[in-house]
Every structure is written in C-alpha cells, then in structure tokens.
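Asks: what follows is a predicted protein model with its sequence.
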Amino acid sequence: MKHLPDRLLDGYHAFMGGRYASESDRYRALAKEGQEPQTMVIACCDSRAAPETIFDCGPGELFVMRNVANLVPPYEPDGRHHATSAALEYAVQSLKVKHIVVLGHGRCGGIGAALNPAAEPLAPGDFIGQWMGLVSPAADAVSGNTMMTSGERQTALERISIRFSIGNLRTFPYIAEREQNGGLSLHGAWFDISTGELWAMNHDTGDFERPDVD
Ligand SMILES: [Zn+2]
C-alpha cells in the first residue's frame, strides 16, 4: 500500500514544479521571519469551500480555522478541549490579526443536520449533533417555519449562524476589547458554491449583500 493516495502525490509534484518553484523566495522568507497574516478565516470543513481558493490567497496570507459549519462557540474557559477557541486565541493574542471573517457557504451539510437532527446517518447524540447544538435555538425557529421552502430554510440558517458566531466572537474578552480599540474587525461572508457568488454581511444591518468587486 502506498504511503499516500496517488492524487495527493501527483498534486504535490505539480505543486513543487509550479507554485513552490515560483514562490520559493516567499516560502523561505516566511520560514525565516515567521507568519504575519492579517486575516483569520473561520470556515467549514466542506471540500468545496476552501478559503485560500475562494480568496485566491498565497502562503502566509490567511490564518484558517475550519470546523463543521464554521461555528464559533462562546467563550468557555472550563479546562476542556476547545480547538476553535485555541485557534482564536493564537490568532488574536499572538499573531494580532486585524480581521476575523466567518465564512459560511451554501448546501452546508452541518447546517442541514441542524435543521434535521434525526436524519440518517446522524443521531442527536453524535458529535455533529452535539456540535450543531450550538445553533439549536435558531435551527428550531427556522425549521418550524412552514412558509419557507427547505432551500430557503437552509440558506436562512446558514446566514443566521454566521451572525450568531460573530456574536460569540464578542464573548471572548480580548476580542471584544480589540474590536472596541479599533485593532480588530469582525466580518461575515457566505459563498454560494453553485454560482461562485460571494455575499458579505453588512456590519450595520446584518443583511448579506453582494460586495463591489470592481
Ligand atoms: Zn459546511
């Protein structure tokens, strides 16, 4: 059995002959001087919504945390294992990023699970069920709305959960403090994987709008 799948080895060879070759100076500088990304992105694990691809970013530009449905839990210093909170702490306290972007996306399986928690193969007690419990009040409110189609409910919860996660970011004392000082900005965005459209959250209203990209 091979050490790695063929697709990955082929991709690595292409990377070394292409992107690494053309950006080797940058990689060496990043190795020597360390990373200094300006932006942290909290994105979903979904294979179709990779932030570096969507924003066309190179090495050293984005500090990325990916989890199921791009959720931020509230600040809970309870001694348990909090992967997302650890990444936030490092990005804000050590790297001093200037922006945090919560990036959601269309057709999110985690959001679908929150809207239909008993759907196979998931059960409410599974890890995903527990994790998506973070947005269960919103999921319950949206899933009970029979005026909306299932597609509308899905998009609504995808966007509501982004606002919810931004609210939870502000429960971290150092994030709230740096935002108030003007050293950190919090943003929301939603990517439609079928059309490639990016929608950005309006900071004043919470609505999602197409940004000017001229
Ligand atoms: Zn997702």
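Replies: Okay, I see it. Keep in mind that what you see is a predicted model, and the values were worked out from it rather than measured.
Asks: and Leu103, what pLDDT?
Replies: In this model, Leu103 is scored at 98, pLDDT.
Asks: ok, it to Gly183 distance?
Replies: Distance of Leu103 to Gly183, computed by C-beta to C-beta, to the nearest Å: 21 Å. To be clear about C-beta, it is placed using only N, CA and C from the backbone, and glycine gets the same treatment.
Asks: same thing with Arg107?
Replies: 35 Å.
Asks: Ser194: neighbour count?
Replies: Around Ser194 sit 8 other residues, with neighbours defined as other C-beta atoms under 10 Å.
Asks: confirm it sits in a helix?
Replies: No: under DSSP: H, G, I helix; E, B strand; the rest coil, Ser194 falls outside any helix and is assigned coil.
Asks: my read: it touches Arg107, true?
Replies: Yes: counting by C-beta atoms under 8 Å, Ser194 touches Arg107, with 7.5 Å between them.
Asks: enumerate every residue touching Phe55.
Replies: Phe55 is in contact with Val41, Leu62, counting by C-beta atoms under 8 Å, 6 or more residues apart in numbering.
Asks: oops, could you answer that again for Gln93 instead?
Replies: Neighbours of Gln93 in contact, by C-beta under 8 Å, 6+ apart: Tyr174.
Asks: SS state for it?
Replies: Under three-state DSSP, Gln93 comes out as helix.
Asks: equivalent analysis for the one 3 residues further on, please.
Replies: Using three-state DSSP, the secondary structure recorded for Lys96 is coil.
Asks: how about the residues of this protein near the ion?
Replies: Within the chain, the positions near the ion by C-beta under 5 Å from the ion are Cys44, Asp46, Cys108.
Asks: ok, so of those residues, who is nearest Pro137?
Replies: Within these, proximity to Pro137 (C-beta to C-beta) peaks at Cys108, which comes in at 17.9 Å.
Asks: torsion angles phi and psi at the closest one?
Replies: Main-chain dihedrals, Cys108, degrees, to the nearest 10: phi -70, psi 120.
Asks: hang on, isn't it packed against Cys44?
Replies: Yes: judged on C-beta under 8 Å, Cys108 makes contact with Cys44 at a distance of 5.9 Å.
Asks: which residues do these two both contact?
Replies: Applying C-beta under 8 Å, 6+ apart, one finds that Cys108 and Cys44 are jointly contacted by Ala69.
Asks: which of Arg107 and Gly183 has more neighbours?
Replies: Using other C-beta under 10 Å, the more surrounded residue of Arg107 and Gly183 is Arg107, with 16 against 12.
Asks: pretty sure the more buried one is touching Thr155, no?
Replies: No: counting by C-beta under 8 Å, Arg107 sits too far from Thr155 to count as a contact (9.2 Å).
Asks: the residue nearest to Lys2 when sequence neighbours are not counted in helix, strand or coil?
Replies: Leaving aside its chain neighbours, Lys2 sits nearest to Leu9 (7.5 Å; criterion: C-beta to C-beta, 6 or more residues apart in numbering). The three-state label given to Leu9 by three-state DSSP is helix.
Asks: Leu9 contacts Phe15, correct?
Replies: No: using C-beta under 8 Å, Leu9 makes no contact with Phe15, being 10.5 Å away.
Asks: and the contacts of stretch 158-168?
Replies: Residues outside stretch 158-168 that contact it (C-beta under 8 Å, 6+ apart): 42, 69-75, 102, 104-106, 108, 111, 114, 134-135, 138, 142, 186-190, 201, 206, 208.
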